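Chemist: Below is the structure, and that's it, no one-letter string:
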């Protein structure tokens, strides 16, 4: 932290110590979520039949599987960012914060990978 | 104030409950009809409906207050009247959208069955 310019005096403050890029990426993923979730809700309502045969056949189509994988990736990304801010705001002890952020990143990557792989499994007809 | 904490609560709530549900749904579909049957049984139980309707409400609440945040982020909407109006309108719009979605499902199909 500097003591010269106005920017220099505030740079690095706050619970996360940085954040312009994080803040912007949170909004980019929010816009993508708005588009993809609109597609998801409208498609699910249009589908109507939620039996295994109906939903698995629907998800196997390329024009459904691809946006669904994008939705999964984007949701987990946006959620990881939101939970990161939550942890930074409320957990002040360095070790606990580090541990929780580590668990969060493992869960977000693991959950996203499992969900995306599940869609791929249906799409490739295994 | 309320809109701000609702935005965080619904967002982080969906991150934990909603994503767990999404992973269960997709994983069950990939695992086959039997696993999907278990998911559908849970989703169409009374608790399942409460969770799904709650997630729908959380999504629309987060979406409405998120859109409001976008306007505030570009430096607009800080006039007292406008700010107050949208802080009250956002959660109401979310409830209306939640009712519309579930009314559509219940009237057309009588549920998720």
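Modeler: Right, received. Where do you want to start? Quick caveat: nothing in here was measured; it's all calculated off a predicted structure.
Chemist: Return the list of helices and strands in contact with the worst-scoring helix or strand of chain A on mean pLDDT.
Modeler: Ranked by mean pLDDT, DSSP states H and E, the helix or strand of chain A with the weakest confidence is helix A:6-10, at a mean of 79. On a contact count with 3 or more Cβ pairs under 8 Å, 6 or more residues apart in numbering or on different chains; DSSP states H and E, helix A:6-10 meets no helix or strand. In short, each C-beta sits where N, CA and C put it, glycine included.
Chemist: in which helix or strand would I find residue A:103?
Modeler: Taking DSSP states H and E as the criterion, the element that holds residue A:103 is helix A:94-123.
Chemist: list the helices and strands that helix packs on?
Modeler: helix A:52-60, helix A:62-90, helix B:19-31.
Chemist: mean confidence score for it?
Modeler: Mean pLDDT, helix A:94-123: 97.
Chemist: Next, the buried residues of it.
Modeler: If you call a residue buried by 16 or more other Cβ atoms under 10 Å in any protein chain shown, then helix A:94-123 has these buried ones: A:100-101, A:104, A:107-108, A:111-112, A:115-116, A:118-119, A:121-123.
Chemist: same question, stretch A:35-43
Modeler: Applying 16+ other Cβ under 10 Å to stretch A:35-43 flags A:36, A:37, A:40 as buried.
Chemist: before we move on, back to that, how about the buried residues of helix A:94-123 in TSV, adding distance to residue A:79?
Modeler: Formatted as TSV, the buried residues of helix A:94-123 follow (distance: Cβ to Cβ, whole Å):
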residue	distance to residue A:79
A:100	14
A:101	14
A:104	9
A:107	10
A:108	7
A:111	9
A:112	9
A:115	12
A:116	14
A:118	17
A:119	17
A:121	23
A:122	23
A:123	23
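Chemist: Could you point out which of the helices and strands packed on helix A:94-123 sits nearest residue A:29?
Modeler: With Cβ to Cβ, the closest approach to residue A:29 among those belongs to helix A:62-90: 4.0 Å.
Chemist: Nice, that's everything, thank you.
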